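Enquirer: What follows is a predicted structure for the sequence shown.
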Amino acid sequence: PSPGGSRTRADSGVPLRLLRVNFASSQASASFLAAVFLAAVFLAVAVFLAAAGFLPAAVFFAAFLAAIGLILDDPSNILPGLWKIMITEDALITDYMEIAGVGAAFVNSALVTLISIGILYLAKDPINGYTVVEIGLMAGFALFGKNIVNIWPIIGGTFLYAKLRREPFYTYASVSLLATALSPVVSYVALDNGWGNLPAGVLVGILIGFILPPLSAYTYKIQNGMNLYNMGFACGLLALILAPVMSSMGADLSTNYHWATGYNLPLGAAMGGMCIVFIAAGLFFCKRPVWAAWAGYRRLLQTTGRAPSDYLRMLGSAPVLINMGVNGLIGIVFILVTGGDLNGPTIGGIMTIIGFSAFGKHARNITPVMLGVVLGGLLLHQDLGAGAMQLAMLFGTTLAPVSGYFGWPFGIVAGFLHSAVVLYAGSPVSGLNLYNNGFSGGLIAIVLYPIITAAIRHRKPELQDEDYFDAFEHDTPTVPPPPGKEK
């Protein structure tokens with residue numbers, strides 16, 4: 001022992017404790033520099049892909065996710081980590097970065113993203129704002145709940161639904177991807193020793209995929225466009241039936257809490273760099289003058305965000321890319337300022353915000369909701385750094401249309417309510433619905449809408465006459481309504 005009581009290296013007399021600290025610091029610095037380098041490469045390649053179309057850009061996004069995993073982890077950990085992900089019961093909150101490592105988590109995200117792109121391409125799904133939503137959702141939730149195995153039965157069930165109705169699968173391709181919010185049900189039934197088995201898991205997944213298209217079409221209208229995560233609400237209703245049925249048959253359902261920490265620096269650099277690239281691409285590489293791109297973004301900020309608000313069809317790619325970058329940076333800042341962690345679930349939430357930046361979310365309508373969640377956490381004595389509150393802050397932006405349509409004070413109220421409701425909305429379904437915040441958001445939207453329209457603002461938007469699936473089926477440009485004139 002040294003005079004101070006610390007063990008030392010014989011050849012240098014340096015305390016081992018200091019060596020460990022310096023080694024950890026050097027690792028963090030190396031990870032940070034690698035993430036910055038990766039973001040720079042992302043920018044360089046994105047410049048060339050900006051004019052190449054959506055498909056090459058989406059494939060490159062998947063490659064970017066895989067590169068994050070390969071740089072921040074030992075490649076030898078990837079395959080064992082993927083196997084661990086596939087054999088894990090992944091009810092909320094199961095952070096794949098915690099159970100399998102950052103490398104396997106991001107490679108799984110990349111693979112799920114490529115699968116999603118392939119399904120949309122083969123189904124000839126039209127490219128519109130909701131296509132961006134689907135890519136963002138699938139990539140984000142593949143960090144904590146969806147994997148390359150448990151999504152297939154649900155997708156297959158929706159395919160069978162389309163065949164039964166003798167309709168082209170592209171009508172339901174988007175719904176099939178969104179319906180994988182209930183992938184944890186497939187994993188639980190297929191993997192739970194002593195209760196379920198693989199064939200039963202596949203059959204349950206097919207049943208889920210078959211039920212959710214008509215169910216989500218119905219729930220879409222009763223929320224009056226005030227909850228962007230309509231599929232989350234539909235999945236929550238179905239999970240409310242599945243969970244007690246499974247429990248009555250002997251299943252021992254319970255929520256999880258696997259939460260990774262210590263990745264703020266490298267993931268902050270990588271994700272922040274990606275968001276800056278989006279902004280730069282929107283301003284300089286979309287074949288529009290900078291002033292026109294910025295004017296389009298300012299026009300986007302004047303919309304309410306009420307579903308359906310397809311910004312890609314309304315305003316084009318330049319304002320959407322700027323919006324994606326700005327919203328992503330807002331999400332990162334909120335997490336870091338409130339003492340949170342950048343990990344699988346929170347990066348998933350940020351990717352979801354980025355995806356919905358093409359379909360309803362912008363800085364003016366998400367910020368009040370996020371501030372409302374923070375206010376709720378403070379007044380209700382919740383720990384803002386806790387995982388559930390961090391996710392409520394990010395995914396609570398599903399209520400952005402409340403803020404955009406009725407005004408920012410109502411957005412704060414919606415966020416405040418969401419900070420409390422979401423903590424209990426997942427308990428009855430034991431974490432089986434990955435879009436738990438969408439379920440909570442639906443409940444709040446259904447309650448707030450008649451109160452605000454009848455008693456306070458007397459501003460009643462018309463119930464959508466369009467079919468739910470219309471949002472997925474068209475890619476022709478549309479003219480955005482004048483500010484303040486949205487139905």
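Expert: On my side now, so go ahead. Not measured: the values here are computed from a predicted model.
Enquirer: ok, residue 276 touching residue 325?
Expert: Yes. Using Cβ atoms under 8 Å, residue 276 is in contact with residue 325, at 6.3 Å. C-betas here are computed from N, CA, C, even on glycine.
Enquirer: The two: who's more crowded?
Expert: residue 325 (23 against 16; other Cβ atoms under 10 Å).
Enquirer: Heading C-terminal from the host helix or strand of the more buried one, find the next helix or strand.
Expert: Assessed by DSSP states H and E, residue 325 sits inside helix 317-337. Proceeding N to C from helix 317-337, the next assigned helix or strand is helix 344-356, under DSSP H and E.
Enquirer: what's the next helix or strand after that following helix in contact with?
Expert: Per DSSP H and E, the first helix or strand lying C-terminal to helix 344-356 is helix 363-379. Helix 363-379 has contacts (Cβ atoms under 8 Å, 6 or more residues apart in numbering) with 301, 304-305, 323, 326-327, 330, 334, 338, 353, 382-384, 389, 392-394, 396-397, 399-404, 408-409, 411-420.
Enquirer: Am I right that residue 399 is in contact with residue 414?
Expert: Yes. The criterion here is Cβ under 8 Å, and residue 399 meets it with residue 414 at 4.3 Å.
Enquirer: Low-confidence ranges, the stretch 1-150 of the chain, go.
Expert: Applying pLDDT under 70 to the stretch 1-150 of the chain picks out residues 1-53.
Enquirer: Show me where it has its helices.
Expert: 16-49, 54-72, 78-86, 96-100, 102-122, 129-141 (DSSP state H, counting those that start in this stretch).
Enquirer: Distance-wise, check the spatially most central residue of the chain relative to residue 138.
Expert: In the chain, the C-alpha nearest the mean C-alpha coordinate belongs to residue 352, at 2.9 Å (Cα atoms, centre = their mean). Separation of residue 352 from residue 138 (Cβ to Cβ, to the nearest Å): 10 Å.
Enquirer: Repeat that for residue 275.
Expert: From residue 275 across to residue 138, the span is 19 Å (Cβ to Cβ).
Enquirer: Same drill for these two, tell me which one is more crowded.
Expert: Neighbours were counted for residue 275 and for residue 138 using other Cβ under 10 Å; residue 138 has more, 26 against 22.
Enquirer: Verify the contact between the more buried one and residue 111 for me.
Expert: No. Under the criterion of Cβ under 8 Å, residue 138 makes no contact with residue 111, lying 10.3 Å away.
Enquirer: what's near enough to touch the residue nearest to the centre of the chain?
Expert: Taking Cβ under 8 Å, 6+ apart as the criterion, residue 352 is in contact with 136-137, 140-141, 394-395.
Enquirer: how about JSON lines for these, with neighbour count added?
Expert: What follows is those, written out as JSON lines (neighbours: other Cβ atoms under 10 Å):
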{"residue": "136", "neighbour count": "25"}
{"residue": "137", "neighbour count": "27"}
{"residue": "140", "neighbour count": "29"}
{"residue": "141", "neighbour count": "25"}
{"residue": "394", "neighbour count": "29"}
{"residue": "395", "neighbour count": "27"}
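Enquirer: ok, so of those residues, who is nearest residue 256?
Expert: Nearest to residue 256 out of the contacts of residue 352 is residue 141 (Cβ to Cβ; 14.7 Å).
Enquirer: For the closest one, give me its contacts.
Expert: Applying Cβ under 8 Å, 6+ apart, the residues near residue 141 are 180-181, 348, 352, 434.
Enquirer: if I look at it, how far off is residue 451?
Expert: Using Cβ to Cβ, we find residue 141 at a distance of 32 Å from residue 451.
Enquirer: And residue 349, by the same measure?
Expert: Computed as Cβ to Cβ, the residue 349 to residue 451 distance reads 28 Å.
Enquirer: Of these two, give the one with the bigger neighbour count.
Expert: Neighbour totals were compared for residue 349 and residue 451, and residue 349 leads with 26 against 11 (other Cβ under 10 Å).
Enquirer: Could you check the pLDDT of the more buried one?
Expert: We have a pLDDT of 96 for residue 349.
Enquirer: Hmm, residue 334 and it touching each other?
Expert: No. Using Cβ under 8 Å, residue 349 and residue 334 do not qualify as a contacting pair, with a distance of 9.8 Å.
Enquirer: Identify the contacts common to these two.
Expert: Common neighbours of residue 349 and residue 334 (Cβ under 8 Å, 6+ apart) are 393-394.
Enquirer: give me the number of residues near residue 144?
Expert: 32.
Enquirer: so who does it touch?
Expert: Applying Cβ under 8 Å, 6+ apart to residue 144 gives the contacts 90, 92-96, 344-345, 348, 434.
Enquirer: Return the members of those classed as buried.
Expert: By neighbour count, with 16 or more other Cβ atoms under 10 Å, the contacts of residue 144 hold 90, 92-96, 344-345, 348, 434 as buried.
Enquirer: What is the nearest of those residues to residue 253?
Expert: Closest to residue 253 out of those is residue 92 (11.6 Å), distances taken as Cβ to Cβ.
Enquirer: I'd like the distance from residue 286 to residue 62, if you could.
Expert: Distance from residue 286 to residue 62, by Cβ to Cβ: 21 Å.
Enquirer: Hmm, I typed the wrong one, I wanted residue 245.
Expert: 36 Å.
Enquirer: Residue 70 too?
Expert: 13 Å.
Enquirer: neighbour-wise, which of these two wins?
Expert: A direct count of neighbours by other Cβ under 10 Å for residue 70 and residue 62 places residue 62 higher, at 22 against 18.
Enquirer: so what's residue 349 up against?
Expert: Under the contact definition (Cβ under 8 Å, 6+ apart), the residues listed for residue 349 are 140, 331, 390-391, 393-395.
Enquirer: now do residue 213
Expert: Taking Cβ under 8 Å, 6+ apart, we find residue 213 in contact with 158, 161, 172, 175, 179.
Enquirer: looking at it, the third one is touching residue 160, isn't it?
Expert: No. Under the criterion of Cβ under 8 Å, residue 172 is not in contact with residue 160, lying 10.1 Å apart.
Enquirer: between the two, which one's more packed in?
Expert: residue 172 (25 against 14).
Enquirer: Give me the pLDDT for that one.
Expert: 93.
Enquirer: Regarding it, what is its secondary structure?
Expert: helix (DSSP: H, G, I helix; E, B strand; the rest coil).
Enquirer: got the contact list for stretch 236-247?
Expert: With contact meaning Cβ under 8 Å, 6+ apart, stretch 236-247 is reached by 182, 185, 188-189, 204, 208, 211-212, 215, 219, 253, 425, 428-430, 432-433, 435-436, 438-440, 442.
Enquirer: PyMOL command for the buried members of these?
Expert: This is how PyMOL selects the buried members of the contacts of stretch 236-247, with burial counted by 16+ other Cβ under 10 Å:
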select buried, resi 182+185+188+189+204+208+211+212+215+219+253+425+429+430+432+433+435+436+438+439+440+442
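Enquirer: buried ones in stretch 218-229?
Expert: Under the neighbour-count rule (16+ other Cβ under 10 Å), stretch 218-229 has 219-220, 223-229 buried.
Enquirer: end to end, how far does it reach?
Expert: Its start and end residues considered, stretch 218-229 measures 14 Å (Cα to Cα, to the nearest Å).
Enquirer: Name the residues that touch it?
Expert: If you take Cβ under 8 Å, 6+ apart as the criterion, stretch 218-229 is touched by 230, 233-234, 237, 305-308, 356, 359-361, 395, 397-402, 405, 435, 437-438, 441-442, 444-446, 448-449, 461, 463-464, 468.
Enquirer: Counting neighbours, which of those residues end up buried?
Expert: Neighbour counting with 16+ other Cβ under 10 Å marks 230, 233-234, 237, 305-308, 356, 359-361, 395, 397-402, 405, 435, 437-438, 441-442, 444-446, 448-449, 461, 464, 468 as buried within the contacts of stretch 218-229.
Enquirer: Okay then, goodbye and thanks.
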